[in-house]
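Chemist: I would like to see how this sequence folds:
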Amino acid sequence: MPEAEVFNVVRANSSSTSSKGASPLANRSDFVNSPNKKVVTKSTQRLKELGQAVKNLKATRDVMLMLYQFKMEELAIKRSLVENDIETASVHAKKCYKIVTRCSLLHTSLPLYSKLENLMEDLRLYLASYSKSAVGTGRSRDITSLITTYPSLGPSDQGISFISELLVDCVNFEISSQNAFLNNEPLKEIPFIFSYALRFLDLYFPDLNKYFEQGALHLLVQSVNSRVSSIVKPRLVTFANKHGTGALSEDEIENTVLIGRACKAFCEELQARTGANLRGDDARSSVRIDSSMHDNIRVLCSVYISNEIRLLRQQYSEIVRHSLSQGLIDAACVHDIFYVLQRSTQRSHATSWSKALQTIVRDVNEVLKDLHGRISQVSSNLSQNSESVSLSELGACIIRGDKGIENFISRSGVSCRVKAAIVSELIVDFSRGMNHSLESFVEEQRAKNPNWCSLQVELEELRRTAVAFERLSIELTNTLAHDSVGLVKQILNQLSLTQYILSEKQFDLLAGSKVWAQPLIWLYEQLAKAFGHESSMQNCTTWLPKFLELLAARLCITLEMTLFGNLTFNQLGILLFERELRVLVAGLSNLTQTSVRTTFSRLLSACRILSVDSITDVVDFWDAASCRLLEFNLDESLQVLKRRVDFTEMIVIETLDSLAQGERK
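Modeler: Numbers count the residues shown, from 1 in each chain. A predicted model of the protein is given here:
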């Protein structure tokens, strides 16, 4: 029945019931008891069915009209694309989207809607095929407007999938077109792939951002990362297989670092660029890169660590073997070793992989421990050697001019100890410098990323290693200082037999002479020149001053023992002794370039106390607060004052007791 006639029948029925004055349903009880109940019910049901049929017919007519419009727009798209008029094709594509959207809102339950869905899928495939055909033609940018219709023409993941596939096609095309330059070398191909993928996103992302939902854009970022990772992975495997075994070079390891940094930079750039273009204040933080590229980075990190340690050990062994073949680990060897260690740590810095840096620093500590063991063993072997000529005899010959200082330097153990002590001093400086640079680097990294490894254990181990070398250097230097004091043993023996009890005539006769100070200064000047030459040859400026300070300290101890144990004075004698002592202090200060007066302060204080005119004058040096005579307590003061032959022990004891009693009062 035509739609107009149906509505006329409905109106006629309504008019006839109204003319009787009341509705048949006005009185419910009458309607229930009416014999025409079944007839009315059937008529109402029939009217409902007719109304629904009319609606379906109208909807069918609308869908058929939409199908017709969709087909016309599709034809217009294809004609435009044949003419390469992508802009017009995009306009028609968006009209198709509006048609599909309107139909989906109204008539998704109709069978004809599936026909429209099929047409929509065909159009999507056609546009995808056309877009792919633009790869390598220079028209990739032009088809952006078509790509942005994909979320409209189907589920958003279809658009994401296509763009990812388009990226793969474009990358493969570009690699094949650049094959003459890339030459199937992963080192060139991998950075090229990353660079192209980022440029690809720069090309499409701003337009996609207008049409894709934010969640879909996040999926797009993950998809691009995953696809790029799949392209890169076989090249990384090839690279790892090539560089994982066989001979190594620094260039190969640096290439591994370079590729690793390229992978990390790609992830960071991918997150930064897409995050900056997403809508919303927290868009940047909401973009996350999945683990596919990080898996590649972990593979590279493992390859790097293995190769770096192999190269480090290999170079260290070669340096040590070459140095030991010439007799001893010298400063040149240490410089070469630390060059290798610093290069390794610098490369591990460059990777920005905390695990890599942590592992390399651990191996550096192992290398330094091995080096410490080798130097300690050499020193231990030196201590077991003995010489037929005593040091005191050799020193006497050197002072007389019968032999030169080189005879002492060339003695078994002396030259080697000098070199070992200088080498240990160098290692201390290098180790502390390395520790400082590592601490600064770790602090900088942890400021950026609090989860970055602190290297606390490794850095503490490096500090302990530096302390161990410092102790070794001090031990060797002390031994050299002890031997150097042994050279002047005859002079000190003669000094210990001297009695400084002089008359005025003897004092005047000896006033200008330097009986023992001048030979000591001359001998140690010769020694300082010889050791200084060796130190400069080893390119170490810090060891010689330390040696001379230790030498002065040992000589001072020997002189104190001589004074307190063997010498006796009158006032003129102590004045002569003090004069020579001050000559010695001045001479040693010139050698060390620093004053050694503090080292000899107890000896100088003893001379001041012993030079008093009368025993009662010691009160001028008495410190009531500390109960001391200058630097000496009561017992030590007694031993000092007993050196004056004109001060009887009883008078000295009474004087000191009086000073102490006065303090108690």
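Chemist: And the longest helix belonging to the chain, how far out from the chain middle?
Modeler: Taking DSSP state H as the criterion, the chain has its longest helix at helix 37-82. Taking C-alpha atoms, centre = their mean, to the nearest Å, one finds helix 37-82 lying 70 Å from the centre of the chain it belongs to.
Chemist: mind showing which ranges of the stretch 101-250 of the chain have poor pLDDT?
Modeler: The stretch 101-250 of the chain contains residues with pLDDT under 70 at 105-113, 134-159, 207, 211, 243-247.
Chemist: Could you pull up the contacting residues of the nearest residue to Q499 once chain neighbours are set aside?
Modeler: Nearest residue to Q499, sequence neighbours excluded (C-beta to C-beta, 6 or more residues apart in numbering): T568, at 5.6 Å. To be clear about C-beta, it is placed using only N, CA and C from the backbone, and glycine gets the same treatment. Contact analysis of T568 by C-beta atoms under 8 Å, 6 or more residues apart in numbering lists 499-501, 643-645.
Chemist: Compare those residues and tell me which is most surrounded.
Modeler: Using other C-beta atoms under 10 Å as the neighbour criterion, Y500 leads those with 24 neighbours.
Chemist: Surely that one is in contact with F577?
Modeler: Yes: with contact defined as C-beta atoms under 8 Å, Y500 reaches F577; the gap is 5.3 Å.
Chemist: Find the residues that touch each one of the two.
Modeler: 567, 569.
Chemist: For stretch 202-216, buried residues please.
Modeler: 204-205, 208-209, 211-212, 216 (16 or more other C-beta atoms under 10 Å).
Chemist: now stretch 57-69
Modeler: By 16+ other C-beta under 10 Å, the buried positions in stretch 57-69 come out as 59, 62-63, 66-67, 69.
Chemist: that older thread, give the other helices and strands that the helix or strand just after the longest helix of the chain contacts.
Modeler: Using DSSP states H and E, the helix or strand that directly follows helix 37-82 along the chain is helix 86-106. If you count contacts as 3 or more C-beta pairs under 8 Å, 6 or more residues apart in numbering; DSSP states H and E, helix 86-106 packs onto helix 37-82, helix 111-133, helix 144-147, helix 150-153.
Chemist: Would you convert those into TSV that also reports distance to S390?
Modeler: Putting the helices and strands packed on helix 86-106 into TSV (distance: least, C-beta to C-beta, whole Å) gives the following:
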stretch	distance to S390
helix 37-82	106
helix 111-133	95
helix 144-147	95
helix 150-153	98
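Chemist: Among those, single out whichever gets nearest to S177.
Modeler: helix 111-133 (15.9 Å; C-beta to C-beta).
Chemist: Dihedrals phi and psi, R628?
Modeler: Torsion angles at R628 (phi, psi; degrees, to the nearest 10) stand at phi -140, psi 150.
Chemist: Would you check that it makes contact with S637?
Modeler: Yes: using C-beta under 8 Å, R628 is in contact with S637, at 7.5 Å.
Chemist: how about the helices of the stretch 201-350 of the chain, start to end?
Modeler: Using DSSP state H, counting those that start in this stretch, the helices of the stretch 201-350 of the chain run over residues 214-243, 250-277, 283-286, 291-325, 331-351.
Chemist: hang on, the earlier thing: mind checking which of R628 and S637 has more residues around it?
Modeler: Between R628 and S637, counting by other C-beta under 10 Å, S637 is the more crowded of the two (25 against 16).
Chemist: Which parts of the helix or strand harbouring R464 count as buried, going by neighbours?
Modeler: Here R464, judged by DSSP H and E, is contained in helix 456-487. For helix 456-487, the neighbour count (16+ other C-beta under 10 Å) marks 458-459, 461-462, 465-466, 468-470, 472-481, 483-487 as buried.
Chemist: picking up where we left off before, pick the most deeply packed of the helices and strands packed on helix 86-106.
Modeler: helix 150-153 (a mean of 21; mean count of other C-beta atoms under 10 Å).
Chemist: State the distance from Q271 to N225.
Modeler: From Q271 across to N225, the span is 9 Å (C-beta to C-beta, to the nearest Å).
Chemist: now for the helices and strands packed on helix 86-106, which one comes closest to L426?
Modeler: Using C-beta to C-beta, these put helix 144-147 closest to L426, at 63.1 Å.
Chemist: mind listing the helices for the stretch 351-500 of the chain?
Modeler: 354-383, 391-400, 406-409, 414-448, 456-487, 489-496.
Chemist: Select, out of these, the one closest to E49.
Modeler: Nearest to E49, of those and by C-beta to C-beta, is helix 414-448 at 73.1 Å.
Chemist: helices or strands next to that closest one in the packing?
Modeler: Packed next to helix 414-448, using 3+ C-beta pairs under 8 Å, 6+ apart, are helix 331-351, helix 354-383, helix 406-409, helix 456-487, helix 517-537, helix 543-565.
Chemist: Reformat the ones you listed as CSV; add distance to T41.
Modeler: Listed next are those as CSV, based on distance: least, C-beta to C-beta, whole Å:
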stretch, distance to T41
helix 331-351, 85
helix 354-383, 82
helix 406-409, 131
helix 456-487, 89
helix 517-537, 121
helix 543-565, 118
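Chemist: Distance to K48 and mean pLDDT for the ones you listed - can I get that in JSON lines?
Modeler: Formatted as JSON lines, those follow (distance: least, C-beta to C-beta, whole Å; pLDDT from 0 to 100):
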{"stretch": "helix 331-351", "distance to K48": "76", "mean pLDDT": "90"}
{"stretch": "helix 354-383", "distance to K48": "74", "mean pLDDT": "87"}
{"stretch": "helix 406-409", "distance to K48": "123", "mean pLDDT": "83"}
{"stretch": "helix 456-487", "distance to K48": "82", "mean pLDDT": "91"}
{"stretch": "helix 517-537", "distance to K48": "113", "mean pLDDT": "89"}
{"stretch": "helix 543-565", "distance to K48": "110", "mean pLDDT": "91"}
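Chemist: Mind checking the ones you listed for the one nearest to T594?
Modeler: Short answer: helix 543-565, nearest of these by C-beta to C-beta, at 7.1 Å.
Chemist: the inter-axis angle of that closest one versus helix 456-487?
Modeler: 50 degrees (axes from the mean of the first three to the mean of the last three C-alpha atoms, to 10 degrees).
Chemist: who does helix 543-565 touch, helix- and strand-wise?
Modeler: helix 414-448, helix 456-487, helix 489-496, helix 517-537, helix 571-592, helix 601-610.
Chemist: If I take the third one and helix 517-537, what angle do their directions form?
Modeler: In this structure, helix 489-496 runs at an angle of 150 degrees to helix 517-537, with the same axes, to 10 degrees as the basis.
Chemist: quick one: which of the buried residues of stretch 202-216 is nearest to S379?
Modeler: Looking across the buried residues of stretch 202-216 and measuring by C-beta to C-beta, the closest to S379 is F205, at 66.5 Å.
Chemist: List phi and psi for L629.
Modeler: The phi/psi pair for L629 (degrees, to the nearest 10) is phi -100, psi 100.
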